[in-house]
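1. predicted model follows, preceded by the sequence.
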Amino acid sequence: MSHGIVIRNGVIYDGSGAAPIAGDLAIRGDRIAALGTVGGGGQHEVEAEGLAVAPGFINMLSWANVSLIIDGRSQSDIRQGVTLEVMGEGRSMGPLNEAMKMEALERQGDLTYEIAWSTLGEYLEYLVRRGVSTNVASFMGATSARVHVLGHADRAPTPSELDTMRGLVRQAMEEGAVGLSTALIYAPACYAQTDELIALAEVAAASDGVYISHIRDEGGGVFPALDEFLTIVRRSGARGEIYHLKIGGRAHWHLMDPLLSAIEAARAGGLPVTADMYPYPASSTGLDSTLPGWAHEGGPRALVERLRDPATRARIRGEISYRSGEEVLFVSFKNEALKPLTGKTLAAVAAIRGKPAEETAMDLLIEDDSRVGVVFFSQSEENVRKVIGRPWVSFGSDGGSLAPEGDFLKSSTHPRSYGTFARVLGKYVRDERIIPLEEAIRRMTSFPAATLGLDGRGSLAPGNFADVVVFNPETIQDHATFEDPHRYATGVRHVFVNGVQVLRDGEHTGATPGRVVRGRGWRTP
């Protein structure tokens, strides 16, 4: 029998966590046709002797939602073997009303784009029409539902408003969202109370969706935040996942062991809870996240006005939450005049300006009129290793999928955008042997696919979609650093998405066969 593509003589990891087998893999159309000893030829044959052949990796926390509009090749992730980008942490790219569209356009920085959609489903289809190399999926952001109905107000929704928000979640689930997401350290998400979140999560649960959360505190208040998360899972009936599980702040690092124990106790008690992580001891977000939630009420313009008012500014200064200027590294600015500060620490910039770090931070937020992208060095490498060792944790970059070219080079970034999956396989699997290779592959493939309720993805089996990565376990390596983050990982040789070769001998083919991957609530229009 003739096949379209045959990958010969590879070491096949099917994604289950079982020991690998030596053999071939045949692809016909967009599906896997056979595994093992494949007779007959292929129109195209790939030699994989000595190489691992695995399901394509699933990025459980991707911020490629804008970068894929700019460059659909998804270079930094494809070159690590990622074949599915799962987006939508807290905020999703739809649904958008006119006010939300105007705000999004006003807040654009280096990457500018038109907004040619309104709903989440329309956004995902828009990406595919433009052409993307990876498959794409998204959560529905609870913050998006809240802003759609309440704007940036710090108040509870009325019963009627909550019904409207639930309707937006229901519509997104019917359009294929894989669940409901929250990011509760950020405004206006932090204004939502637990009962509001339960009401929204119930809607996602009705479509077998996941409730996934950047929980309300990842430092000294992590246990009340975990209790809230578990309460939402328990009362909504949804499966639950914690975004980028971590402990921030040296004074709190000792909380990791009891935190892991508490999650495992909940799992042992029958709660369907999991987590994901990125393999770095530093996070990255907006500098404005260090300001108290009340200061953000009314949106970005209102925040800047408060920072300009001396009395309010003094109050904000007393409540800034970062730990020291040395732990804050600037990676992106919107204002061209501030871009020379990229790569400097807050402490260094404060010294240059002759002001305290807190005053410098507030000044920069005003001058840049943006969130100001920063990296926080606030975590423990030992804790990173502990989380990697847990079998119920998958992986996500929490970054865009970029390329070291064009507008992407106007800003720096966290190295996780270029190195997350290669770093796990190289540093933590091969070099440090924290987990075996077959287990790492399971947690990048079949495990997140099962968490999301995806059929036909995440494992190598006849009839499944042909999302396949071929890599060298002995050479796979991340190269991006905090000082020089725009560097591709190496060691991945070939990548196939829906049966189409996107990476050949380590180079992008230019193919864009990515599709929308939808959750179980999807209703065909």
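-> Thanks, I have the structure now.
2. buried residues in the lowest-mean-pLDDT helix or strand in the chain?
-> One helix or strand of the chain scores below all others by mean pLDDT, DSSP states H and E: strand 42-47, with a mean of 92. For strand 42-47, burial by neighbour count (16 or more other Cβ atoms under 10 Å) applies to 42, 46. All C-beta spots, glycine's among them, are computed from the backbone N, C-alpha and C.
3. the helix or strand just after it - contacts with which helices or strands?
-> As assigned by DSSP states H and E, the chain's next helix or strand after strand 42-47 is strand 52-55. Secondary-structure packing of strand 52-55 (3 or more Cβ pairs under 8 Å, 6 or more residues apart in numbering; DSSP states H and E): strand 3-12, helix 437-444, strand 468-471.
4. which residue is the nearest non-sequential neighbour of the residue nearest to the spatial centre of the chain?
-> Geometric centre of the chain, nearest residue: residue 61, 1.8 Å, by Cα atoms, centre = their mean. Using Cβ to Cβ, 6 or more residues apart in numbering and skipping residues adjacent in sequence, the residue nearest residue 61 is residue 396, 2.8 Å away.
5. wait, doesn't the one you found sit right on residue 63?
-> No - the pair residue 396 / residue 63 is not scored as a contact, 9.4 Å apart, by Cβ atoms under 8 Å.
6. and the helices and strands packed on strand 52-55, which is most packed in?
-> For those, the largest average neighbour count (mean count of other Cβ atoms under 10 Å) is found in strand 468-471, namely a mean of 26.
7. now do the helix or strand just after it: everything it contacts.
-> Remark: after strand 468-471, the chain's next helix or strand is strand 492-497, criterion DSSP H and E. Outside strand 492-497, the residues that touch it by Cβ atoms under 8 Å, 6 or more residues apart in numbering are 5, 7, 27, 46, 48, 51, 56, 78-81, 83, 133-135, 422, 466-472, 476, 501-506, 511, 513-514.
8. residue 370 and residue 71: what is the separation?
-> The gap separating residue 370 from residue 71 is 21 Å, by Cβ to Cβ, to the nearest Å.
9. pLDDT score for residue 309?
-> Residue 309 carries a pLDDT score of 97 in this model.
10. helices along the stretch 1-150 of the chain, start to end?
-> In the stretch 1-150 of the chain, the helices defined using DSSP state H, counting those that start in this stretch lie at 67-70, 75-78, 98-106, 120-130, 142-150.
11. in this structure, which ranges drop under the pLDDT threshold?
-> Within the chain, the segments meeting pLDDT under 70 span 1, 323-326, 525.
12. if we can go back for a sec, from the contact counts, what lies against the least confident helix or strand of the chain?
-> Packing contacts for strand 42-47, counted by 3+ Cβ pairs under 8 Å, 6+ apart, involve strand 3-12.
13. quick check: domain ranges of the protein?
-> 3-54+491-508, 56-282+378-452, 286-376 (automatic domain parsing).
14. now, of those domains, which is deepest in the fold?
-> domain 56-282+378-452 (a mean of 21).
15. what about the strands in the stretch 151-300 of the chain?
-> Here the stretch 151-300 of the chain has its strands, by DSSP state E, counting those that start in this stretch, at 179-183, 210-214, 239-242, 273-277, 283-286.
16. what does the first one contact?
-> If I follow you right, that is strand 179-183. Identification of contacts with strand 179-183 by Cβ under 8 Å, 6+ apart yields 88-92, 139-143, 169, 189, 192, 197, 200-201, 203-204, 209-214, 238-239, 243, 452, 519.
17. swap the cut-off to 7 Å and go again
-> Residues outside strand 179-183 that contact it (Cβ atoms under 7 Å, 6 or more residues apart in numbering): 88-90, 139-143, 169, 189, 197, 200-201, 204, 209-214, 519.
18. what do you get for the second one?
-> Contact with strand 210-214 is made by 89-90, 139, 178-185, 201, 204, 229, 232-233, 236, 238-243, 451-452, as judged by Cβ under 7 Å, 6+ apart.
19. please apply the same query to the last one.
-> Contacts with strand 283-286, where a contact means Cβ under 7 Å, 6+ apart, come from 248, 331, 371-376, 378-379, 414.
20. same check on the fourth one?
-> Outside strand 273-277, the residues that touch it by Cβ under 7 Å, 6+ apart are 60-61, 230, 233, 240-246, 263, 266-267, 387, 392-396, 451.
21. partner strands of that strand, with direction?
-> strand 239-242 (parallel), strand 393-395 (parallel) (DSSP bridges).
22. show me the contacts for residue 168.
-> Counting by Cβ under 7 Å, 6+ apart, residue 168 makes contact with 95, 145, 148.
23. now residue 77
-> Neighbour list for residue 77: 59, 64, 85, 134, 401 [criterion: Cβ under 7 Å, 6+ apart].
24. thought residue 504 was touching residue 511, still the case?
-> No - contact criterion Cβ atoms under 7 Å: residue 511 and residue 504 do not qualify, at 9.4 Å.
25. now for these two: what residues contact both?
-> Listed as contacting both residue 511 and residue 504 by Cβ under 7 Å, 6+ apart is no residue at all.
26. thinking again about what came up before, could I get the helices and strands packed on strand 52-55 as CSV with distance to residue 221?
-> Formatted as CSV, these follow (distance: least, Cβ to Cβ, whole Å):
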stretch, distance to residue 221
strand 3-12, 45
helix 437-444, 28
strand 468-471, 39
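27. of all these, which one is nearest residue 154?
-> Across these, residue 154 has its closest neighbour in helix 437-444 (38.3 Å, Cβ to Cβ).
28. and the contacts of whichever helix or strand comes after that closest one?
-> Next helix or strand after helix 437-444 toward the C-terminus (DSSP H and E): helix 446-452. With contacts defined as Cβ under 7 Å, 6+ apart, helix 446-452 is touched by 15-16, 55, 58, 60, 178, 210, 241, 274, 394, 457-459.
29. quick one: the helices in the stretch 251-400 of the chain, in order.
-> Secondary structure of the stretch 251-400 of the chain (DSSP H, counting those that start in this stretch): helices at 256-268, 300-308, 310-319, 346-353, 357-368, 381-388.
30. would TSV of those with distance to residue 336 be doable?
-> As requested, the helices of the stretch 251-400 of the chain are exported to TSV (distance: least, Cβ to Cβ, whole Å):
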stretch	distance to residue 336
helix 256-268	41
helix 300-308	18
helix 310-319	25
helix 346-353	16
helix 357-368	10
helix 381-388	35
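31. spatially nearest residue to residue 512 (excluding sequence neighbours)?
-> For residue 512, ignoring the flanking residues on the chain, the nearest one in space by Cβ to Cβ, 6+ apart is residue 131 at 3.5 Å.
32. that neighbour contacts residue 72, doesn't it?
-> Yes - using Cβ under 7 Å, residue 131 is in contact with residue 72, at 4.7 Å.
33. quick one, phi/psi of the residue nearest to residue 61?
-> phi -150, psi 150 (degrees, to the nearest 10).
34. now for it: which residues touch it?
-> Going by Cβ under 7 Å, 6+ apart, residue 396 touches 59-62, 244, 276, 278.
35. same thing with residue 92?
-> 120, 138-141, 144.
36. which one of these is nearest residue 350?
-> The closest of the contacts of residue 92 to residue 350 turns out to be residue 141 (Cβ to Cβ; 33.9 Å).
37. which strand residues bridge the closest one?
-> residue 181.
38. start at 35, not 1
-> Taking 35 as the first residue, the last one we looked at is residue 175.
39. what's near enough to touch it?
-> Residue 175 makes contacts with 122, 124-126, 215, as judged by Cβ under 7 Å, 6+ apart.
40. over to the closest residue in space to residue 157 that isn't next to it in sequence: give its phi and psi.
-> Spatial nearest neighbour of residue 157, excluding adjacent residues (Cβ to Cβ, 6+ apart): residue 127 at 4.1 Å. With angles defined as degrees, to the nearest 10, residue 127 sits at phi -80, psi 10.
41. residue 127 touches residue 100, doesn't it?
-> No - here residue 127 lies out of contact with residue 100, judged by Cβ under 7 Å, at a distance of 8.4 Å.
42. straight-line length of stretch 405-412, end to end?
-> 19 Å (Cα to Cα, to the nearest Å).
43. ok, now how distant is residue 250 from residue 218?
-> Applying Cβ to Cβ, the value for residue 250 to residue 218 is 4 Å.
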